[in-house]
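Novice: The sequence isn't on hand, but the structure is:
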């Protein structure tokens, strides 16, 4: 763990201690520090930005109510991401709908599995459909890594699977996505997106 993570981890543990001691405002520090990534995680799992905002807010409320359960063995961010991940999965099950993630950010970023190229390329809707065909666990891990920049350890902690499983699922998701993209759009589009032949 690098110094920045160590410093943030200690600052988070200090804020948790302050909240437990009665300083309710200290929780606002945790929300401000972690809301962007928690919201990004929710957005990767839920299609609607309003749903993602609500899910992030509800996740922080759950974290606040269960702050006594945070033992400090892991980073607060890891614990928080796990709460948000599970909450979003619960929402998906309750609504009985498959999440359709927006991949505009992934396409614009240009360093994901698929990127805009000089060749006629798939639009964001076509890529979203392609992703929708991936198994849920593959799609979620792929989006957490490619669109939102989560580290492997953060994904493992949030999803509750081993680090090796995260890497294997990510590898399979990328392979499946690339194979399908090659079939639909030809190897030139995928080749220009950075996938070796």
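Specialist: Arrived safely, thanks for sending. Predicted model only: the values in this text are computed from it and were never measured.

Novice: which regions of the protein lie under the pLDDT threshold?
Specialist: For the chain, the stretches flagged by pLDDT under 70 are 1-7, 96-127, 183-197.

Novice: Mind naming the longest helix for it?
Specialist: In the chain, with assignment by DSSP state H, the single longest helix is helix 163-185.

Novice: Ramachandran angles for the residue lying closest to residue 55 once chain neighbours are set aside?
Specialist: Once flanking residues are discounted, residue 55 sits nearest to residue 42: 4.1 Å by C-beta to C-beta, 6 or more residues apart in numbering. C-beta here means a position set from N, CA and C on the backbone, and glycine is covered the same way. With angles defined as degrees, to the nearest 10, residue 42 sits at phi -60, psi -40.

Novice: Wait, residue 42 touches residue 57, no?
Specialist: No - in this structure, residue 42 is not within contact of residue 57 by C-beta atoms under 8 Å, at 9.3 Å.

Novice: about what we covered before: roughly how far out does the longest helix of the chain sit from the chain middle?
Specialist: Distance of helix 163-185 from the chain centroid (C-alpha atoms, centre = their mean, to the nearest Å) equals 16 Å.

Novice: could you say what helices and strands that helix packs with?
Specialist: Packing partners of helix 163-185 (3 or more C-beta pairs under 8 Å, 6 or more residues apart in numbering; DSSP states H and E): helix 124-132, helix 136-146, helix 152-159, helix 187-192.

Novice: Could you check which helix or strand contains the closest residue to residue 26 other than its chain neighbours?
Specialist: Closest residue to residue 26 apart from its sequence neighbours, by C-beta to C-beta, 6+ apart: residue 18 at 3.7 Å. Here residue 18 sits within helix 3-20, counting by DSSP states H and E.

Novice: right, and residue 60 touches residue 33 too?
Specialist: No - counting by C-beta under 8 Å, residue 60 does not reach residue 33; the two are 11.3 Å apart.

Novice: More neighbours: the two, which one.
Specialist: residue 60 (22 against 17; other C-beta atoms under 10 Å).

Novice: Cool, thanks, talk later.
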